[in-house]
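A.B. asks: can't give you the sequence, but here's the structure:
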């Protein structure tokens with residue numbers, strides 16, 4: 001069986017007046033992430049990791065922030081389309097590991113909902129997804145609560161019969 005690994009990263013600035021979307025769910029907070037789409041750093045990092053593993057470029061090539069049709073889009077739509085692209089190329093997601101860096105809000109109670117949402121979009125089992133969250137111990141832009149970042153590592157496997 002053939003495997004490929006990809007890594008993804010995304011970061012967005014926190015701003016007042018937007019919903020905070022992480023892992024495809026709304027997380028209650030005083031601020032949300034600024035971006036052309038819903039700015040979900042978790043799903044953007046996963047998309048980049050999947051695309052990278054499949055050798056299909058990056059999220060900006062497929063969903064450019066200069067294209068008006070993506071303005072305000074749900075990143076879940078991006079993830080679903082990315083999953084279809086790799087399926088068409090003969091690959092399937094085997095597992096996803098995500099690290100979210102946010103000083104606030106605390107994310108422990110939302111991780112299971114994120115896993116459920118991501119698993120549903122990717123059409124895989126929740127056990128194939130791991131989500132971790134940490135702070136920056138008050139350091140840098142994350143510690144100053146100016147932004148939130150996410151890293152993702154994805155393992156793809158060649159689909160059977162291909």
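C.D. replies: Yep, that arrived. A quick note: this is a predicted structure, and the numbers were derived from the prediction, not measured.
A.B. asks: how about stretch 127-136: buried residues?
C.D. replies: Neighbour-count burial for stretch 127-136 flags 128, 129, 131, 133, 135 (criterion: 16 or more other Cβ atoms under 10 Å). C-betas here are computed from N, CA, C, even on glycine.
A.B. asks: how would you label the third one: helix, strand or coil?
C.D. replies: Residue 131 falls in the strand class when you classify it by DSSP: H, G, I helix; E, B strand; the rest coil.
A.B. asks: who's in contact with it?
C.D. replies: 23, 42, 98, 100, 111, 114, 115 (Cβ atoms under 8 Å, 6 or more residues apart in numbering).
A.B. asks: what do you get for the fourth one?
C.D. replies: Applying Cβ under 8 Å, 6+ apart, one finds that residue 133 lies in contact with 99, 100, 101, 102, 106, 107, 108, 111.
A.B. asks: Which two among these are spaced furthest apart?
C.D. replies: For the contacts of residue 133, the maximum inter-member distance is 15.1 Å, found between 99 and 106 (Cβ to Cβ).
A.B. asks: between the two, which one's more packed in?
C.D. replies: residue 99 (17 against 11; other Cβ atoms under 10 Å).
A.B. asks: Following the chain onward from whatever helix or strand that one lives in, which element is next?
C.D. replies: Residue 99 belongs to strand 91-101 when assigned by DSSP states H and E. As assigned by DSSP H and E, the chain's next helix or strand after strand 91-101 is helix 111-122.
A.B. asks: Going by neighbour count, list what's buried in that following helix.
C.D. replies: In helix 111-122, counting by 16+ other Cβ under 10 Å, buried: 111, 113, 114, 115, 117, 118, 119, 121, 122.
A.B. asks: Quick check: phi and psi at the nearest residue to the fifth one once chain neighbours are set aside.
C.D. replies: I take that to be residue 117. In this structure, residue 117 finds its nearest non-sequential neighbour in residue 24, 3.8 Å apart by Cβ to Cβ, 6 or more residues apart in numbering. Dihedral pair for residue 24: phi 80, psi 0, per degrees, to the nearest 10.
A.B. asks: What is the neighbour count of residue 24?
C.D. replies: Using other Cβ under 10 Å: residue 24 sits among 22 other residues.
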